[in-house]
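> with the sequence up front, the predicted model follows.
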Amino acid sequence: MADPGMSVTPYWELTFDADGDVDGPERDHLIAQVTAHGVRDLIVFAHGWNEDRSGATALYRRFFAPVPALAPRARLGYVGVIWPSMRFSDEPIPDFPKSVAAVAAQRAPGPALDKDTRNALLRTFPGRAPVIDQLARMLDEQPDGEGRLTEFGRLVRLLVDGERPGVADTSQEGEPLVFTEDPATACDEFAEALAAVRSPGAPADFSIPNPWEGAKELLRQAAYYTMKRRGGTVGEHGLGPVIGQLAQAAPGVRVHLVGHSFGGRLVSFALRGLPDGVSTVKSVTLLQGAFSHYAFADRLPQDPDKAGTLKDRQRRIDGPLVCCYSRFDAALGTFYPLASRLAGDDRSCVGSEIAAVLGPEWGAMGHDGVQAVPGTARLDLAAALAGPLPATGCVNVDAAAVVCHGGPPAGAHSDIVHPELARLVLAAGRIG
């Protein structure tokens, strides 16, 4: 078992690379020990954007801490999934300690990259150090002229070109326009959106947004686009098969998948990777899932002949799929639809109006829940905790009562460490 400082026991970690290949000794250790420890219910949590293993483990330590007291008679085990993701260190995570670099960045806001973010980019895009160094210099210097923003956009594109393409959430989803349109236009739009998030309600001509802040957001979205696709790959080709192996070795263990942000996409795509006949997954809980709310759709409202990539995959769960969302999540309510739109969509909006004006086809799970799946239940958090939850199918839970703190640009996207959400995981899995 990993990390003796973890708040719960028994606890294991599973580490995957960008292609979904699992650390073999860690997998074998889990499979060998889970039965020996008498585990009946195994909670498997996949992080979203975290800059390193320590950040992910800190999230698991804090989220899992109240669980034993909430289910004292349950025979629980815990798994933390570690996969190659990253976070821009200037994004505050509520109730988490800030690095020195992040504190400095908040005191002196601007487009420049801090040391922690540069190192995270180097880990995320190995072999791209010259490109990352040039991007950092341009953000520092902010050279004049649209041609310089065009060059910045070209360098950003170099980062994502070498990545495995992955599987889209829907058959209509293509490559985000922010990587194919004029970079100067994309930077201007992101700068306007940032200004709206930081000063909601301010008049449009209150100030002229700095396009280089939009350029930094373009880089951020390129990294997150990579993380989104990577999460699906790790889930389908990594975690799903491991769960199948676990089911074969320990058929009595009930598995409960939890995912935050892109980790929500990871655990959802794990359902695609489950071997036939495996019914060990008893619940899936998505916390501010950063992928299309139409991923499970029977039919796309804008194209009824097409469906979500994960159509009917919720039927692989012997229990419910619970999707938490919050209107205070600016990352998903503002920047996700702006970055995900395709050519020809309306681009005349900023701030909280973006999701509405661009249209629902580019919405995220953590913004308004699962969409276009018949029979989906919709509850607020209090009603969900009063229970019981539906035994099967999709359940949308408005978690804004607790997922409500966080500054720009992400808002409350990472505000998920709450005992109420831990209780919801237990309720979804019918644990205790």
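Done, it's in.
> OK, contacts around residue 8?
Residues near residue 8 by CB atoms under 8 Å, 6 or more residues apart in numbering: 64-65, 67-68, 76, 78. The way it works is simple: take the backbone N, C-alpha and C, and place the C-beta from them, glycine included.
> over to residue 149?
The contact partners of residue 149, by CB under 8 Å, 6+ apart, come to 183-184, 187, 211-212, 215.
> now do the SS call for residue 282.
strand (DSSP: H, G, I helix; E, B strand; the rest coil).
> can you tell me how far it is from residue 408?
38 Å (CB to CB, to the nearest Å).
> and the residue nearest to the spatial centre of the chain, backbone torsions?
Residue closest to the mean C-alpha point of the chain, counted by CA atoms, centre = their mean, is residue 261 at 1.8 Å. Phi and psi for residue 261, reported as degrees, to the nearest 10, are phi 60, psi -120.
> which residues are in contact with the host helix or strand of residue 130?
For residue 130, the element it lies in under DSSP states H and E is helix 129-141. When contacts are defined by CB under 8 Å, 6+ apart, helix 129-141 is touched by residues 111-113, 118, 121-122, 125, 148, 151-152, 155-156, 158-159, 212, 215-216, 219.
> how does it look with 10 Å?
Outside helix 129-141, the residues that touch it by CB atoms under 10 Å, 6 or more residues apart in numbering are 110-115, 117-119, 121-122, 124-125, 128, 143, 148-149, 151-152, 154-159, 212-213, 215-216, 218-219, 222.
> going by residue numbers, what spans are helices in the stretch 251-400 of the chain?
262-273, 330, 336-340, 354-358, 365-368, 381-386 (DSSP state H, counting those that start in this stretch).
> least reliable of those helices by average pLDDT, please.
Taking each of those in turn, the one with the lowest mean pLDDT is helix 354-358, at a mean of 41.
> what's the closest of the contacts of residue 149 to residue 87?
residue 215 (18.7 Å; CB to CB).
> roughly how far apart are the closest one and residue 71?
Residue 215 sits 47 Å away from residue 71 when distances are taken as CB to CB.
> okay, those two: which has more neighbours?
Between residue 215 and residue 71, residue 215 has the larger neighbour count (other CB atoms under 10 Å), namely 27 against 18.
> what's the local residue count around residue 390?
Here the neighbour count serves as a burial measure; for residue 390 (other CB under 10 Å) it reads 18.
> show me what contacts it?
By CB under 10 Å, 6+ apart, the residues touching residue 390 are 319-322, 375-377, 379, 384, 428.
> quick one: buried ones out of the residues you listed?
Among those, those classed as buried by 16 or more other CB atoms under 10 Å are 319-322, 376-377, 379, 384, 428.
> quick one: which of those residues is nearest residue 295?
Checking the buried ones among the contacts of residue 390 against residue 295 with CB to CB, the nearest one is residue 321 at 10.7 Å.
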